[in-house]
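Asker: Structure for this input, please:
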Amino acid sequence: MMAIAVASPKDLAETCEIGEKKAMDIIEGAKLCADIGGFETGDSILERRKAVTKLTTGSKAFDELMGGGLESQSIVEFFGEFGSCKTQVCFQLAVNATLPEERGGLDSEVIMIDTENTFRPERIIQMSNYLGVDPEDTLRKIHVARAFNSQHQILLVDKAIELAQTKKIRLMIVDSLTSHFRAEYLGRGALAERQQVLNRHMHDLLNFATLNNAVIAVTNQVAAKPDAFFGDPTRPIGGHIVGHTATFRLYLRKGKAGKRIARLIDSPNLPEGEAVFSVTEDGIKD
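Answerer: Numbering: from 1, shown residues only. Below you'll find the predicted structure:
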């Protein structure tokens with residue numbers, strides 16, 4: 001009901017193949033049923049925030065940087081150069097989410113939207129064995145879908161919403177968020193359209209997070225190299241659309257002696273800071 005109440009008349013009309021006037025009437029009716037549109041006090045929001053849970057990364061230093069772990073009802077963006085272990089962090093989060101809450105997990109199943117064909121079940125088995133959980137049971141709880149283009153990627157979020165009605169899904173991973181958009185919308189002429197579609201996709205993800213009290217973990221690429229136009233080589237793809245919609249932004253980079261450094265760039269309530277961790281055969285560790 002809430003999803004219909006906050007939908008735009010144009011989107012609802014296209015989805016249901018009805019006129020915009022009819023769609024507006026339906027949205028107005030949904031607003032009344034869902035009791036939406038009013039203000040609420042800070043203490044009632046604080047009460048609702050008590051439902052928020054934290055997902056461990058596997059590293060105490062990383063968890064402390066994130067105020068105890070990755071927060072549900074939020075989008076956490078990991079961006080960095082090739083080899084900065086973005087995908088490895090996602091694998092670890094997928095395994096950790098299946099753990100009981102007393103071990104820092106979410107006691108849930110996981111959805112992974114794979115846009116670059118990087119999912120490796122062998123890696124999940126290694127991490128599961130180290131944590132002392134049944135690898136086959138863990139793999140059964142991770143639902144992977146390969147996205148072949150940007151429209152397919154958007155459609156898979158709708159499929160995820162359907163799956164979440166029958167299964168407890170508390171983590172969704174999109175690896176990578178922008179690769180298809182970057183490949184399909186070429187040139188400055190297509191930039192406005194790309195940003196519009198990406199904006200809608202990001203809000204669909206945020207909607208999933210809110211409705212299912214879930215963590216959304218997305219990976220993002222960075223601009224290839226510094227030049228007169230791009231400037232900072234660590235600038236993530238997606239511009240302000242991704243920047244403003246992501247709740248937490250983390251920059252991952254290589255450190256010395258095989259270490260990795262996570263820098264918290266943006267957060268609504270946490271200070272900027274860094275955490276050092278390592279990626280081993282057993283997974284993410286201090």
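Asker: what residue ranges in the stretch 101-250 of the chain are flagged as low confidence?
Answerer: Where the stretch 101-250 of the chain drops to pLDDT under 70, the residues are 224-234.
Asker: quick one: the strands in it?
Answerer: Counting by DSSP state E, counting those that start in this stretch, one finds strands in the stretch 101-250 of the chain at the ranges 109-114, 142-146, 169-175, 215-220, 248-254.
Asker: Tell me who's in contact with Pro9.
Answerer: Residues in contact with Pro9 (CB atoms under 8 Å, 6 or more residues apart in numbering) are 20, 23-24, 27. All C-beta spots, glycine's among them, are computed from the backbone N, C-alpha and C.
Asker: Check which residues of stretch 107-122 are buried.
Answerer: 108-115, 118-119 (16 or more other CB atoms under 10 Å).
Asker: Export the residues you listed as CSV, with columns for distance to Gly83.
Answerer: Output for these, formatted as CSV (distance: CB to CB, whole Å):
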residue, distance to Gly83
Ser108, 30
Glu109, 29
Val110, 24
Ile111, 25
Met112, 20
Ile113, 22
Asp114, 18
Thr115, 18
Thr118, 12
Phe119, 18
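Asker: From those residues, pick the one nearest Lys31.
Answerer: Checking the buried residues of stretch 107-122 against Lys31 with CB to CB, the nearest one is Ile111 at 29.0 Å.
Asker: Check which residues of stretch 80-92 are buried.
Answerer: 80-81, 84-92.
Asker: what about it, start to end distance?
Answerer: 17 Å (CA to CA, to the nearest Å).
Asker: and it, how far from the chain's centre?
Answerer: 14 Å (CA atoms, centre = their mean, to the nearest Å).
Asker: pLDDT averaged over it - what is it?
Answerer: Averaged across stretch 80-92, pLDDT comes to 92.
Asker: residues in contact with that stretch?
Answerer: Residues contacting stretch 80-92 (CB under 8 Å, 6+ apart): 57-58, 78-79, 112, 118, 120, 123-124, 127, 173, 175-176, 217, 219, 222, 233-234, 251-254, 260, 279, 283-284.
Asker: Give me the buried subset of those residues.
Answerer: 57-58, 78-79, 112, 118, 123-124, 127, 173, 175-176, 217, 219, 222, 251-253, 260, 279, 283-284.
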